[in-house]
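**Q** Got a sequence here, can you model it:
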Amino acid sequence: MVSEGKKAPNIKLTDADGVLVELSKLKGSPVVVYFYPKDDTSGCTKEALDFSSQISEFDGAGAIVLGISPDSEKSHKKFTEKHDLNLRLLADTDKKAADAYEVWVEKSMYGRKYMGVERSTFLIDKTGKLARVWRKVKVPGHVAEVLAAVKNLAG
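**A** Numbering: from 1, shown residues only. Predicted structure coming up:
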């Protein structure tokens, strides 16, 4: 079970530029990992814009912010450029990271069941442990809450 106080599952994914990012190599800095369902959809765009608009605050607290969805590097690149985002989006096309963080779940819309990403955010402390976990995230006000937790963690 992925929960607060446990070691964060390591992930190795590429960003929109094809650069490999390995979570375990980011120890020493707090890391915010947010999973979202799909590039360029209304809620996901709002969440990405919210994180992007506060990125200097996260940087100031020494935190790294990574967004992850099952979309491809190419999709992330297009999404980033279209909305002028200044954060790293990682491609989890095989959904291994989503599985590791237990966010690849059965969802239901209009009575139809399907598999998808449950919008979730994980705050990982400098030692690689999960400091905070937010599941079934509602976008409005979420980034402010995450930022407050990062600042609290930084002391």
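
**Q** Just say helix, strand or coil for the residue nearest to the spatial centre of the chain.
**A** When Cα atoms, centre = their mean is applied to the chain, the residue found nearest the centroid is Tyr34 (1.7 Å). Under the three-state scheme (DSSP: H, G, I helix; E, B strand; the rest coil), Tyr34 adopts strand.

**Q** pretty sure it contacts Leu66?
**A** Yes. If you go by Cβ atoms under 8 Å, Tyr34 and Leu66 touch, sitting 7.4 Å apart. In this view, the C-beta of every residue, glycine as well, is placed from N, C-alpha and C.

**Q** related to what we said a few turns ago, ok, now how distant is the residue nearest to the centre of the chain from Ser108?
**A** Tyr34 sits 22 Å away from Ser108, going by Cβ to Cβ, to the nearest Å.

**Q** repeat for Gly43
**A** According to Cβ to Cβ, Gly43 and Ser108 sit 17 Å apart.

**Q** And these two? Which one has more around it.
**A** For Gly43 versus Ser108, neighbours defined as other Cβ atoms under 10 Å are more numerous around Gly43 (15 against 9).

**Q** elements contacting the helix or strand where that one lies?
**A** Element membership for Gly43 (DSSP states H and E) is helix 42-53. Using 3 or more Cβ pairs under 8 Å, 6 or more residues apart in numbering; DSSP states H and E as the contact test, the elements touching helix 42-53 are strand 31-35, strand 64-69, helix 73-83, helix 142-154.

**Q** Mind listing residues that contact the last one?
**A** Going back to what we said before, that points to helix 142-154. 30, 32, 34, 47, 50-51, 53-54, 57-58, 61-63, 121, 123, 125, 131-132, 134 (Cβ atoms under 8 Å, 6 or more residues apart in numbering).
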